[in-house]
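Q: got a predicted structure here, sequence first:
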Amino acid sequence: MKHIHTILKHKSSESIFMTLFLALPLFTLLPMGIDLFLPALNDIQTFFLGDNSVAKFAISIYLLFWGIGQMFWGRISDIIGRRNVALIGLVVFSLASYLISKITQDNATQFLVFRALQSFGGSACFAAIFAIIRDTFDGVKLGRAYSYLNGSLAIIPVSAPLIGAFILQTNSWQYVFTLFSIIGLCSIVWTYLFTAETLVKSKEDDILEKQSTLEAYKSVVTNKSFVLYLSLTLVGFLGFMFFLTVAPLYLIGHLGLSKVSFGWMFMLIAFVFMIGSFTVPLIVEKIGIKNTVSIGIVFYTLGGVLIFALSSFGIWQTYVLPMAIIAAGCTIFVSACPAFALEDFKENAGTASGLFSALNFGLSSMGATYLASIISLDSSRDISYIYIVIGTLVILTYFLYSFYKNKNIAK
């Protein structure tokens, strides 16, 4: 078995595709916990006697612990290894999924607790794959690897909501979580057999290991490039998180869109995300990171203006085009920025990548939940106001980014 892992590690170091393929469960399982589950939100709301908060928190709590978990597991992976952390997380994910599938109608709080545990376990895999990529690649290849990871991630939302909708036509929402537990068990076997350990210990690593957790994270958050590119990713991602939170409840619950139609609509938006993720590295190489981010600003602003202009129609068709444009802008931020944020952390990759993802997913999910709580989910105009606010935040962050970059050039 050790010999197999040595061979696989060698092959993955030469190929981004091989690295992603051998670590397939590490980046597919956690997003599947959202996308396959999205069409079931209204059924869950009905199951818990129409409690709207349960449905909303089912998404936001999952995203919050997606972030918190990566901050925890990222540091642990720097000590015990990427593969070991992933295996532990998969066990937790599978167990939590099974417990959710057996939940009763009077246990809404327990449902949310198990949902948080499910995400916390799955986040170990996400922390592991980010660290594996940082361990394996450098320079231009590192940027491509993160972008291709995002593109591969987008394959899940392209297909999962539609698959979930078809599953729910003949099964209850609990069956989705039974399926999660089975997939989780299969992922344990896959990871044990095929995922090689990429953490290589050195004398410098021994020194880093002796750092307190606080010191390790302090070294990351005081890095200016990390903070700069995290901020761009965060405000860009907030719009997509808000969409994930409100879209099923507004489009299915208020406008009466069928689950299958919602799946097709979500597939279109996710397809934009996927294509963008694979093309962004080429754009960065040709015109540079600053100009690439500028294009993202244009897409984000245009989408925000359109969603506001079309909101008075109150039909789902007017929601698709603006969200696809916003998704294109979001893709640019999410694909272009992580490699620049993490390029200084070769030895501390788990801690840095875990913190990056934790803050990105944690803060954006909390922000999306708060924004969803202060508006009426029956009002398309209220939803459009939120995108105007988010678009303004994106523009302000870009001006701060430009000021910092120009200041550095002047030096």
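A: Looks like it arrived, so ask away. Numbers count the residues shown, from 1 in each chain.
Q: quick one: S119 and F180, what's the gap?
A: Separation of S119 from F180 (CB to CB, to the nearest Å) stands at 11 Å. Any C-beta I mention is one placed from the backbone N, CA and C, and that applies to glycine too.
Q: hey, what's in contact with both of those two?
A: Common contacts of S119 and F180, defined by CB atoms under 8 Å, 6 or more residues apart in numbering, comprise G33.
Q: helices or strands up against the helix or strand T331 falls within?
A: Taking DSSP states H and E as the definition, T331 sits inside helix 317-342. In terms of contacts (3 or more CB pairs under 8 Å, 6 or more residues apart in numbering; DSSP states H and E), helix 317-342 is packed against helix 108-136, helix 139-170, helix 224-247, helix 259-287, helix 289-309, helix 349-373, helix 380-410.
Q: quick check: mean pLDDT of the shortest one?
A: Taken as a whole, helix 289-309 has an average pLDDT of 83.
Q: and that helix, what other elements does it pack with?
A: Packing partners of helix 289-309 (3+ CB pairs under 8 Å, 6+ apart): helix 224-247, helix 259-287, helix 317-342, helix 380-410.
Q: can you tell me which of those helices the model trusts least?
A: Going by mean pLDDT, the lowest-scoring of the helices and strands packed on helix 289-309 is helix 380-410, which has a mean of 75.
Q: got the angle for that one vs helix 349-373?
A: Using axes from the mean of the first three to the mean of the last three CA atoms, to 10 degrees, the direction of helix 380-410 lies 150 degrees away from that of helix 349-373.
Q: give the buried residues for helix 380-410.
A: 380, 382-387, 390-391, 393-394, 397-398, 401 (16 or more other CB atoms under 10 Å).
Q: which among those gets closest to S357?
A: T397 (18.5 Å; CB to CB).
Q: give the closest residue to that closest one in space, chain neighbours not counted.
A: Distances taken as CB to CB, 6 or more residues apart in numbering put V235 closest to T397, at 4.8 Å, once the chain neighbours are dropped.
Q: mind pulling up the pLDDT for C125?
A: 92.
Q: my guess is it meets I88, correct?
A: No: checked against CB atoms under 8 Å, the pair C125 and I88 is beyond contact range at 9.8 Å.
Q: which of the two has more residues huddled nearby?
A: C125 (31 against 18; other CB atoms under 10 Å).
Q: what's that one in contact with, if anything?
A: Contacts of C125 by CB under 8 Å, 6+ apart are P25, L26, F27, L29, L30, A86, G89, L90, F93, S187.
Q: those in helices, which ones?
A: P25, L26, F27, L29, L30, A86, G89, L90, F93, S187 (DSSP state H).
Q: the fourth one: neighbour count?
A: The burial count assigned to L29 is 27, neighbours taken as other CB under 10 Å.
Q: any chance of the contacts of C125 in JSON lines, with pLDDT and distance to S101 too?
A: Shown next, in JSON lines, are these (pLDDT from 0 to 100; distance: CB to CB, whole Å):
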{"residue": "P25", "pLDDT": "86", "distance to S101": "19"}
{"residue": "L26", "pLDDT": "88", "distance to S101": "23"}
{"residue": "F27", "pLDDT": "86", "distance to S101": "23"}
{"residue": "L29", "pLDDT": "85", "distance to S101": "16"}
{"residue": "L30", "pLDDT": "79", "distance to S101": "18"}
{"residue": "A86", "pLDDT": "95", "distance to S101": "23"}
{"residue": "G89", "pLDDT": "96", "distance to S101": "19"}
{"residue": "L90", "pLDDT": "97", "distance to S101": "17"}
{"residue": "F93", "pLDDT": "97", "distance to S101": "13"}
{"residue": "S187", "pLDDT": "94", "distance to S101": "17"}
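Q: perfect, that will be all.
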